[in-house]
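A.B. asks: Need a 3D model of the following:
(chains A and B)
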Amino acid sequence: MAFLDVTNATKKFGGFIAINDVSFSVEKGARHAIIGPNGAGKTTLFNLISGLILPTTGSIALEGQRLSRMKPHEIVRIGMARSFQKVNVFPRKTAFENVQVALIANRKLQFNPFHAAAGLFGDEIMQLLEQVRLGGDSGRRAGELAHGKQKQLELAVALAAEPKILLLDEPTAGMSIAETLSSIALIRDIVQQRGITLLFTEHDMNVVFEIASTISVLHHGEIIATGLPHEVRANDDVQRIYLGRE
Amino acid sequence: MTSRPQLIFLACLFLALLAVPFLGSRYLTELAVQVMIFSLLALSLNILVGHIGLVSFGHAAFFAIGGYATAFFLTRWQLPLAAAMPMAVLLAAAFALVIGVLCVRLKAIYFAMLTLAFSMLVWGIIIKWKPVTGGDDGFVGITLPGMLASPQSFYWFVLAVVGASTALMWLLSKSTMGQIFVAIRENETRASFLGVNVRQMQLIGFVLAALFAAIAGSLMAMYLRGMYPQSAFWTQSGHIVISVLLGGVHSFVGPILGASLLYLLEVTIHQYTQYWPLVMGLILLLVVLVLPEGLIELFRKLYARLGRK
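C.D. replies: Presented below is the predicted three-dimensional model:
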């Protein structure tokens, strides 16, 4: 039993098989990348693992506990947090408040109608925001932040859930090269520092080889290779279908 | 709108209401009682519409249940007010729990339609269950406790209950629970990925909203010395929704403005014409087109202008 086990997971949308009999494991402490061309099923796979959609068949387990029938909020509670490919924040709330609601949920204070929220968890929130380099933007509305900063905010919100495993769906999508490089360094430092297992999808090969300790290649909804970065890079199938070399 | 100007507004409003009985006009006192009750009702719906983002078209059901139950407990069972009113409110909350479990599974328009259906069911029961509710004729002749018999003392009672309820709802809106409600309104999926059980929180909000609506209903029954089936009819629910929209959903005091203006206009316009619904339609049209954020928008602009000087 590994840390996260995906076993024979299949997802059909009508007649279309988005994920076909996928099995792979993520080891504790790994930085595991799922790569594959557009439409390979990366986001669908993430939605299956995080409980947003149910697998048609197969199972997913975190530390031996079956996730396949759990609701997203229950999966978060046992230690899995995720970000989304399309930015997914509370746009009318400030950066500060975005992290605050995450902490309120984490501490189960949502059941208290009399616990004043103003300024609550202030130091902790600022620490998290500074860690993702948003210390100066705490008072700005999330919807008004630049795209790259919204992605960083999402990271802070995910971290506030105190996850054991973090799922990041294309964490650098839509970023400039400079932003991408600094974001990767940031993500790597944070997961190492906090001892978080990382599972991420990414289209940018430089990003992947920079931070991944293990790589799985998804193609047409199937895993065609899993291994260390240099093994995957050398794999003939991968070169042919993904890296575009004959 | 930020907290401070709203708190100042609420404090001024409370002081003004404290002064009303000393003006010596019985008409004005009675008008203020009704405005307070409808404001409380609108505030209660705004827990759902403004905070959680669920539009209920059946909110009047809980207003009616609170009113009828108070009437029944006071008059038939001869219970003291201190028992009758809390029991009526809890009964409405229990109904809300059952109805809510079924309704919060649905989203948007389907939620609205199902709440409407349940409220019409409540209305139907009120019409048919004559021995308990009085049917078409309404429940008439409520026995009020002696200490509330005079218009003056009743006014103070309503002011105290509405004031306390408003304070509780204000605290709720500023609480950790209130923040999670808003998070659900803003982005349901994200909220669930924070570890929040969205359905459960929506149900809690639904029951809380019903609870405060039942308090308003209870006060209305005592004010009218009776309760009538129209109080559960869909037009009553629509009236509450319009109050909330008219005032503005994204602020705490908006529904108070909306409910007060709508009621005062209704009373005034009724003196001149019987076509009140036509006027109400025009008002609604105007608000949606010109002030989509509600009347509160006018105050916000005014406050911003004053702040600049």
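
A.B. asks: Quick one: low-confidence residue ranges for chain A.
C.D. replies: A:242-246 (pLDDT under 70).

A.B. asks: Spell out which parts of chain A neighbour chain B.
C.D. replies: Residues of chain A lying near chain B by C-beta under 8 Å from any C-beta of the partner chain: A:50, A:52, A:71-73, A:76-77, A:81-82, A:84, A:88-93, A:97, A:100-102, A:104-106, A:109-118, A:120, A:157, A:160-161. Quick note: C-beta positions are derived from backbone N, CA and C, even for glycine.

A.B. asks: Need the single longest helix in chain A, by residues.
C.D. replies: In chain A, assigned by DSSP state H, the helix with the most residues is helix A:177-194.

A.B. asks: Helix or strand: which one has A:Gly174?
C.D. replies: Using DSSP states H and E, A:Gly174 falls within no helix or strand.

A.B. asks: need the contact list for B:Phe139.
C.D. replies: B:68, B:71-72, B:75, B:133, B:221, B:226-228 (C-beta atoms under 8 Å, 6 or more residues apart in numbering or on different chains).

A.B. asks: Show me what the host helix or strand of A:Val22 packs onto, helices and strands only.
C.D. replies: Taking DSSP H and E as the definition, one finds A:Val22 inside strand A:16-26. Secondary-structure packing of strand A:16-26 (3 or more C-beta pairs under 8 Å, 6 or more residues apart in numbering or on different chains; DSSP states H and E): strand A:4-13, helix A:42-49, strand A:57-62, strand A:214-219, strand A:222-227.

A.B. asks: Could you give the separation of the first one from the chain centroid?
C.D. replies: Right, the one you point to is strand A:4-13. Strand A:4-13 has its average C-alpha position 17 Å from the chain's average C-alpha position, going by C-alpha atoms, centre = their mean, to the nearest Å.

A.B. asks: which residues touch it?
C.D. replies: A:17-26, A:41, A:44-45, A:48-49, A:53, A:55-62, A:64, A:165, A:197, A:199, A:221.

A.B. asks: Which strands border it, and is each parallel or antiparallel?
C.D. replies: Strand A:4-13 sits in its sheet next to strand A:16-26 (antiparallel), strand A:57-62 (antiparallel), going by DSSP bridges.

A.B. asks: Export those to TSV and append columns for mean neighbour count.
C.D. replies: Converted to TSV, these look like this (neighbours: other C-beta atoms under 10 Å in any protein chain shown):
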stretch	mean neighbour count
strand A:16-26	18
strand A:57-62	17
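
A.B. asks: out of the ones you listed, nearest to B:Glu266?
C.D. replies: With respect to B:Glu266, and counting by C-beta to C-beta, the nearest of these is strand A:16-26 at 55.7 Å.

A.B. asks: and that closest one with strand A:222-227, angle?
C.D. replies: 20 degrees (axes from the mean of the first three to the mean of the last three C-alpha atoms, to 10 degrees).

A.B. asks: ok, then the element right after strand A:16-26?
C.D. replies: Criterion used, DSSP H and E; the element after strand A:16-26 is strand A:31-35.

A.B. asks: related to what we said a few turns ago, what residues sit buried inside the longest helix of chain A?
C.D. replies: A:179-180, A:182-184, A:186-187, A:190-191 (16 or more other C-beta atoms under 10 Å in any protein chain shown).

A.B. asks: Output the contacting helices and strands for it.
C.D. replies: Checking 3+ C-beta pairs under 8 Å, 6+ apart, helix A:177-194 ends up next to helix A:147-160, strand A:197-201, helix A:205-211.

A.B. asks: any chance of these in TSV, plus mean neighbour count?
C.D. replies: Below are the helices and strands packed on helix A:177-194 laid out as TSV (neighbours: other C-beta under 10 Å):
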stretch	mean neighbour count
helix A:147-160	22
strand A:197-201	25
helix A:205-211	17
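
A.B. asks: For those, please prepare JSON lines with the additional fields distance to B:Gln274.
C.D. replies: Shown next, in JSON lines, are those (distance: least, C-beta to C-beta, whole Å):
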{"stretch": "helix A:147-160", "distance to B:Gln274": "55"}
{"stretch": "strand A:197-201", "distance to B:Gln274": "65"}
{"stretch": "helix A:205-211", "distance to B:Gln274": "71"}
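
A.B. asks: Between helix A:147-160 and the longest helix of chain A, find me the angle.
C.D. replies: 10 degrees.

A.B. asks: distance of A:Ala185 from A:Glu210?
C.D. replies: For A:Ala185, the distance to A:Glu210 equals 8 Å [C-beta to C-beta, to the nearest Å].

A.B. asks: Check B:Phe193 too.
C.D. replies: Taking C-beta to C-beta, one finds B:Phe193 at 26 Å from A:Glu210.

A.B. asks: Now do the contacts for the residue located most distally from the centre of chain A.
C.D. replies: Most distant from the centre of chain A: A:Phe114, at 33.5 Å, with distances by C-alpha atoms, centre = their mean. By C-beta under 8 Å, 6+ apart, the contact set of A:Phe114 is B:171-172, B:175.

A.B. asks: beta partners of A:Ile17?
C.D. replies: With DSSP bridges as the rule, A:Ile17 is bridged to A:Lys12.

A.B. asks: any idea which residue sits dead centre in chain B?
C.D. replies: Most central in chain B (C-alpha atoms, centre = their mean) works out to B:Leu41, at 1.0 Å.

A.B. asks: Does that one fall in a helix, a strand, or a coil region?
C.D. replies: helix (DSSP: H, G, I helix; E, B strand; the rest coil).

A.B. asks: Correct me if wrong: it contacts B:Phe62.
C.D. replies: No. Between B:Leu41 and B:Phe62 there is no contact under C-beta atoms under 8 Å: 9.4 Å.

A.B. asks: For these two, list the residues in contact with both.
C.D. replies: Joint contacts of B:Leu41 and B:Phe62 (C-beta under 8 Å, 6+ apart) are B:213, B:217.

A.B. asks: Which among the strands paired with strand A:4-13 is found nearest to A:Arg141?
C.D. replies: strand A:57-62 (34.1 Å).

A.B. asks: Partner strands of the helix or strand following the closest one and their direction?
C.D. replies: Counting by DSSP H and E, the element after strand A:57-62 in chain order, helix or strand, is strand A:65-66. The partner list of strand A:65-66 in its sheet, established with DSSP bridges, is strand A:57-62 (antiparallel).

A.B. asks: Toward the C-terminus from the helix or strand where B:Leu97 lies, list the very next helix or strand.
C.D. replies: Per DSSP H and E, B:Leu97 falls inside helix B:81-103. Using DSSP H and E, the helix or strand that follows helix B:81-103 in sequence is helix B:108-128.

A.B. asks: Any chance you could give me that following helix in CSV, C-alpha atoms only?
C.D. replies: C-alpha atoms of helix B:108-128 as CSV (Å, rounded to 0.1, in the frame of the first residue of the first chain):
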residue,chain,number,x,y,z
ALA,B,108,-31.3,27.9,-8.1
ILE,B,109,-34.7,27.9,-9.7
TYR,B,110,-35.5,24.3,-8.7
PHE,B,111,-34.8,25.3,-5.1
ALA,B,112,-37.1,28.3,-5.5
MET,B,113,-39.9,26.2,-7.0
LEU,B,114,-39.8,23.5,-4.4
THR,B,115,-39.9,26.1,-1.5
LEU,B,116,-42.9,27.6,-3.4
ALA,B,117,-44.6,24.2,-3.6
PHE,B,118,-44.1,23.5,0.1
SER,B,119,-45.4,26.9,1.1
MET,B,120,-48.5,26.4,-1.0
LEU,B,121,-48.9,23.1,0.8
VAL,B,122,-48.8,24.9,4.1
TRP,B,123,-51.3,27.4,2.8
GLY,B,124,-53.6,24.5,1.7
ILE,B,125,-53.4,22.9,5.1
ILE,B,126,-54.3,26.2,6.7
ILE,B,127,-57.3,26.6,4.5
LYS,B,128,-58.6,23.1,5.0
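
A.B. asks: Excluding sequence neighbours, find me the nearest residue to A:Lys164.
C.D. replies: A:Gly79 (3.7 Å; C-beta to C-beta, 6 or more residues apart in numbering or on different chains).

A.B. asks: ok, how many other residues are close to the one you found?
C.D. replies: 17 (other C-beta atoms under 10 Å in any protein chain shown).

A.B. asks: Cheers, nothing more for now.
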